[in-house]
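Chemist: sequence-free structure coming up:
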C-alpha cells in the first residue's frame, strides 16, 4: 500500500503548464529523494500532495485512500514556514499545538523543540531568528502532530554544514525509530545521496524516472579499476582479450574498464598471464552526472 | 417574561452543549476505528473539558505502549536474523576450509601432503560439529516450554563431577583448579542437569579463555567462577551474556559464543541471577541463588 | 472550532496587538474625559468669559462698536459671540452626526454656559468670578443618563466598532501574510471551521472592546466628578451595550470578509477607518436622502436601515431606543429592533459569503 500515490497530476497557472501528467509512488518507510532543477515543478507537486494547491487534473491518493483525516498525518515544510514573527519559538509551536487540540501540548512542544535543537531560544522572537533557525522552527511545526509522512521542500537551504548534518541525522532517526516516511526535494544531490532510499527525478513538470537507491548504484557502478605491476603489457593483453570493453589508462598505472566486460574473466586472464594484480575494484560513476542528465529530461542515460 | 426567556435560553444552551459532547465522543470513536496500528498519529481533542483530555491521554498511552511493543518485537526479529546470519558465516568458514582442503588433497600427488590436507579438513569439520552442538544445546536451553525438574541439589558434588570430566584438559595445561566452599553441603533448588550444564559451560569458558587455573568460591548464596585473563579490555561485560557474543572481535577463535548465553538462560529459568565482572586482570562470574 | 479559538486567544494574549489596543482605549478614554472635564470646569468657563470680555474691549478700543450706547454696544459683541456660539452648539446637538468628533462633545457648549451664567447672575462680564461658574459647570457635567454618556462617548461615534475592525483587519490578515494559515488543516471541513471560528472571534473582540471602553469611560467620568440626571436599570444598560455589541460585531464581520477577499491588511484597515466609524455610511445616508427627495422616495425608507444610521441611533440612549422616537423620515419601527435586524443581517451575510464563496480559494 503506497503512502502517496499521484496519478496524472497536472497544474496550469494562467495558461502556463507547470506540471503535466505527473505520477509518483512513495512506499511506507521510504526516504524519497525528489530531484529536479529549479523551476521543474517540485514545489508545485508537493503543494498538490499536501492539499495546499488544487490540481487542475489528476488525483493524489494518500495512505491508500484510507481515512479522511489523512491531512493530519502529513507534516509539511514547503517554502517559507508559517511563523508568527511576534512570538517566541515556544509560543509559535504552542499556538499550532492548541489549534490541533493536542493533549499534553506543553510537553509535546518542549519535546519537539528539543528534537530540532531550538530549546535554548528563550524569549527571542521569531522575527529575530536566522534563516537556519526559521527552517528548524518550521520543521518543529511540521513534526508537531506526530506525522506519518514528512514533506520537506529543499530543507537544507540556508543551513550550515553542522545544521545540515543534524537535520540529516534527525530525518534518518525519525525514519528508523518511528517509521516516518520522508519526501525530501532538493537539487543538492550529494546530500540526498547519503540517506535517500528511493529517487524520483522531475523535469519540465513531468516525472522522468523513479528508482530505488540500489538501482541507482547499479546503474552508476559500471566500471572496473585494475592496477597491475606492468600496466602497459596488461593493457595490451586485455585489449586483445576483450575487444568489446573500453579501456582508459591513468597516470598512476591503473586501468578503468567500461562497457561490456566480465570481471571474473578479466581476473582469470590476468592470472593466467602471470600479471601481478595490485588493485581490483568496482568504480561507481559520479551520481551527480547521472542525475543531471536525467534532470535535463533525458530518458536513456 | 424575562425570566422565561432566560430559562429558555439556558435550556437551549444545555441542549447544545450535550449535543456537542455527544458529537465529540462519536468523533473520537470514529478516529479509533479508522486508526492504523502503524500510524504515529495520536488522538487530539476538539472540545474543551477535562474528561475529553483525560480520555485522549489514556488512549494515546495505550497506543504508545502498543507501538513500543511492536518496535521491540521488530528489533528482536532483526537481531535474531542478524545472529542467524553471523552463525551461518561461522559455519561456512570451516565448511569452505574443509572443502578447499579436500579439493587440494584430490589434486595432490604426494601421499604425505595429501594425508596432511585431509587431516586439516577433518579438523575443520570437527569445528563445525562443535558449533552445531553448541547451537543445539542453546536452543534446548532457551526453550521456554521446557520443564525443569527443580529439587534440592547439593552443588559441590555436581561441580566436582564436571571438574573430573575436564581433568584431561586441566592436566594438559598443568592447572589445578581451586575450589573453596564455605559450606560444603550448600544446597540449592535446581534442576541437576541444568546445574551441570551451567558448571560445564563456565569451566569450559575458563579453560578456553583463562591464562591460569580457575578458582570456584562459594559464599552465602553465591558461587563465583573466577580466572585470570590476558586482555581484560577486550571483554564487554554488558554484552557478555548475549547470544553469539565473543570477546575476540575478529571471531577467529573457536566457539560460537553461546556458552554464557546458555548459562544466563538456565540460571534465569531457575530463578538465579548471573553477574559478570572484570577487574585487575581477573574475570569473575557470580551465580546467586534465591533463598 | 474550540481549538482554533484557543489558539487565537493564545496568540492575542501573548502577542502585542491586544495589549497595545487596550492601552490605546484607556489612553483615549482618559484623554477625552480629561478634555471634557477641562472644558466644563469653572476655571475654563471663567477664562472663556474673560476672553469674550477682552474681545469686547478690543472692539471698543478700535472704535468698532456704536459709541451711543456703551452698555448696549458692549453687550452686542458679547451676545453676538455668545449667540453664535450658542447657535453652533444647537446645531451640534440637533444633528447626531457620526462624522463629527468621536466623543460628540462640543467646546461650543462653553459659550452657551457663559451666556446662561451672564443671564443668571445679571453681572457684566468683567465682574464675573470663577465661583459664578460653578452652577454652569455642574450642569455641563451632568449627563442625561449613563447610556447617553456611553453612547456619546464610544458607541454612536463608532469608536468601539473602529477598534473591533482594526483588530480583525490586522489579526486576520496576518494569518495569510505570515503563512500561519498553511499550518492549519484546510480541507473542506477545516475551512468551514476556520471561517466560522474567526467570525465568532470577531464577536468576542467586539464584546471585549465594548465592555472595556464602557468600563473605562464610566470609571474616568466618575473620577472626574460627572453625574447623571436620570439613571438606567441594569437591564437597560445591558440591553444597550448588547445593541452596541451587535453593531460592532457586524462591522467586524464585514471587515473580515474584506480582508479574506483581498488578503490584505491594508485594505482591511482602510475599510475599518472609512466604514467602521460610520463615515461612509453617513455619507451614503445623506446621498440616499437627497435622492429620496428627488428621484425615488422609497430610498428614504432604506436610509434608517443602514448600519451607520443604526450606529448613530445609539446616541439616543436607552429608554428612547425602545420607545420609538423617530429619527429620520419613513421609519415607524423601534430603533432597537432596527439595530438588531441590521446587525444580524450583516453578520449572516458575512458568514454566507465566507462559507459559500471563499471556500474554494487556495490557502
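Modeler: That came in fine, so what should we check first? Predicted model, so just to flag it, every value in this text is computed and none were measured.
Chemist: is the most centrally placed residue in chain A in a helix, a strand, or coil?
Modeler: Central residue of chain A (CA atoms, centre = their mean): residue A:33, 2.1 Å from the mean position. At residue A:33 the chain is in strand, as set by DSSP: H, G, I helix; E, B strand; the rest coil.
Chemist: up against chain B, what does the stretch 201-350 of chain C have?
Modeler: Neighbours of chain B within the stretch 201-350 of chain C, by CB under 8 Å from any CB of the partner chain: residue C:235. Any C-beta I mention is one placed from the backbone N, CA and C, and that applies to glycine too.
Chemist: from the stretch 201-350 of chain C, which residue is nearest to chain A?
Modeler: Here the stretch 201-350 of chain C gets closest to chain A at one residue, residue C:201, 12.7 Å apart by CB to the nearest CB.
Chemist: which residues are in contact with that residue?
Modeler: By CB atoms under 8 Å, 6 or more residues apart in numbering or on different chains, the contact set of residue C:201 is C:5, C:8.
Chemist: three-state assignment of the nearest residue to residue A:113 once chain neighbours are set aside?
Modeler: In space, and not counting its chain neighbours, residue A:113 is closest to residue A:119: 4.6 Å by CB to CB, 6 or more residues apart in numbering or on different chains. When classified by three-state DSSP, residue A:119 comes out as coil.
Chemist: which element is the residue of the stretch 201-350 of chain C closest to chain A on?
Modeler: In this assignment (DSSP states H and E), residue C:201 forms part of helix C:188-223.
Chemist: mind listing what's buried in that helix?
Modeler: For helix C:188-223, the neighbour count (16 or more other CB atoms under 10 Å in any protein chain shown) marks C:190-191, C:193-195, C:197-210, C:212-214, C:216-218, C:220-221 as buried.
Chemist: now do the SS call for the residue nearest the centre of chain C.
Modeler: Among the residues of chain C, the one closest to the centroid is residue C:157, at 1.6 Å (CA atoms, centre = their mean). Following three-state DSSP, residue C:157 is assigned to coil.
Chemist: residues touching the residue in the stretch 51-200 of chain B positioned nearest to chain A, list them.
Modeler: Using CB to the nearest CB, residue B:56 is the residue of the stretch 51-200 of chain B that sits closest to chain A, at 4.5 Å. By CB under 8 Å, 6+ apart, the contact set of residue B:56 is A:103, B:28, B:42-45.
Chemist: tabulate the residues you listed (CSV), appending neighbour count.
Modeler: Listed next are the contacts of residue B:56 as CSV, based on neighbours: other CB atoms under 10 Å in any protein chain shown:
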residue, neighbour count
A:103, 20
B:28, 19
B:42, 22
B:43, 20
B:44, 22
B:45, 22
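Chemist: in helices, which of the residues you listed fall?
Modeler: Applying DSSP state H to the contacts of residue B:56, the entries found in helices are residue B:28.
Chemist: within reach of chain C, which of the contacts of residue B:56 are there?
Modeler: Here is what survives when those are matched to chain C using CB under 8 Å from any CB: B:44-45.
Chemist: how many neighbours does residue B:8 have?
Modeler: Per other CB atoms under 10 Å in any protein chain shown, the neighbour tally for residue B:8 reads 10.
Chemist: so which strand or helix has it?
Modeler: Per DSSP H and E: residue B:8 is located in helix B:2-34.
Chemist: whether that helix contacts chain A - can you check?
Modeler: Yes - residues of helix B:2-34 are located near chain A by CB under 8 Å from any CB, namely B:31, B:34.
Chemist: next, the angle helix B:2-34 makes with the helix or strand that that helix is followed by.
Modeler: Tracing the chain past helix B:2-34, the next element assigned as helix or strand by DSSP H and E is helix B:50-107. Going by axes from the mean of the first three to the mean of the last three CA atoms, to 10 degrees, helix B:50-107 is angled at 10 degrees with respect to helix B:2-34.
Chemist: quick one: helix B:50-107 to chain centroid distance?
Modeler: 12 Å (CA atoms, centre = their mean, to the nearest Å).
Chemist: report the buried residues of the following helix or strand past that helix.
Modeler: Next along the chain after helix B:50-107, taking DSSP H and E as the criterion, comes helix B:111-141. Buried residues in helix B:111-141, counted by 16+ other CB under 10 Å: B:117-118, B:120-121, B:124-125, B:127-128, B:131, B:134-135, B:137-138, B:141.
Chemist: and for stretch A:236-251?
Modeler: Neighbour-count burial for stretch A:236-251, with 16+ other CB under 10 Å as criterion, is recorded at A:237-238, A:241-242, A:245, A:247.
Chemist: now swap in stretch C:335-346 and tell me
Modeler: C:335-336, C:338-340, C:342-343, C:346.
Chemist: give me the mean pLDDT for stretch B:78-88.
Modeler: Stretch B:78-88 shows a mean pLDDT of 81.
Chemist: quick one: it near chain A?
Modeler: No - Stretch B:78-88 does not reach chain A (CB under 8 Å from any CB); its nearest approach is 10.9 Å.
Chemist: what residues does chain B put near chain A?
Modeler: So far as CB under 8 Å from any CB goes, chain B lies against chain A at B:31, B:34-36, B:38-46, B:53, B:56-57, B:60, B:71.
Chemist: which stretches of the stretch 251-363 of chain C have low pLDDT?
Modeler: Within the stretch 251-363 of chain C, the set of residues satisfying pLDDT under 70 comprises C:299-301, C:315-334, C:359-363.
Chemist: test my guess that residue B:21 contacts residue B:46.
Modeler: No - judged on CB atoms under 8 Å, residue B:21 makes no contact with residue B:46 at a distance of 11.1 Å.
Chemist: these two: which is more packed in?
Modeler: Between residue B:21 and residue B:46, counting by other CB under 10 Å, residue B:46 is the more crowded of the two (18 against 14).
Chemist: so what's the more buried one up against?
Modeler: A:101, B:24, B:27, C:1-3.
Chemist: now, of those, which are buried?
Modeler: A:101, B:24, C:2-3.
Chemist: what helix or strand is the closest residue to residue B:229 other than its chain neighbours on?
Modeler: Counting by CB to CB, 6+ apart, residue B:229 lies nearest to residue B:283, which is 4.6 Å off, once chain neighbours are set aside. Per DSSP H and E, residue B:283 falls inside strand B:282-288.
Chemist: pLDDT of that strand, averaged?
Modeler: 87.
Chemist: one more: stretch A:78-85?
Modeler: Averaged over stretch A:78-85, pLDDT sits at 88.
Chemist: one more: stretch A:274-291?
Modeler: Rounded to a whole number, the mean pLDDT of stretch A:274-291 is 80.
Chemist: now residue A:60: phi and psi?
Modeler: Main-chain torsions, residue A:60, degrees, to the nearest 10: phi -120, psi 130.
Chemist: and residue A:17, that one's in a helix?
Modeler: No - using three-state DSSP, the assignment for residue A:17 is strand, not a helix.
Chemist: residues contacting it?
Modeler: A:10-11, A:205.
Chemist: redo the residues you listed as CSV? Include pLDDT and neighbour count.
Modeler: Below are the contacts of residue A:17 laid out as CSV (pLDDT from 0 to 100; neighbours: other CB atoms under 10 Å in any protein chain shown):
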residue, pLDDT, neighbour count
A:10, 90, 17
A:11, 91, 22
A:205, 85, 23
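Chemist: for the residue nearest to residue A:193 when sequence neighbours are not counted, grab phi and psi.
Modeler: Closest residue to residue A:193 apart from its sequence neighbours, by CB to CB, 6+ apart: residue A:287 at 5.5 Å. Dihedral pair for residue A:287: phi -60, psi -30, per degrees, to the nearest 10.
Chemist: how about residue A:287, what does it touch?
Modeler: Counting by CB under 8 Å, 6+ apart, the residues that residue A:287 touches are A:189-190, A:193, A:216, A:220.
Chemist: now it: how far from chain C?
Modeler: Separation of residue A:287 from chain C (CB to the nearest CB, to the nearest Å) stands at 33 Å.
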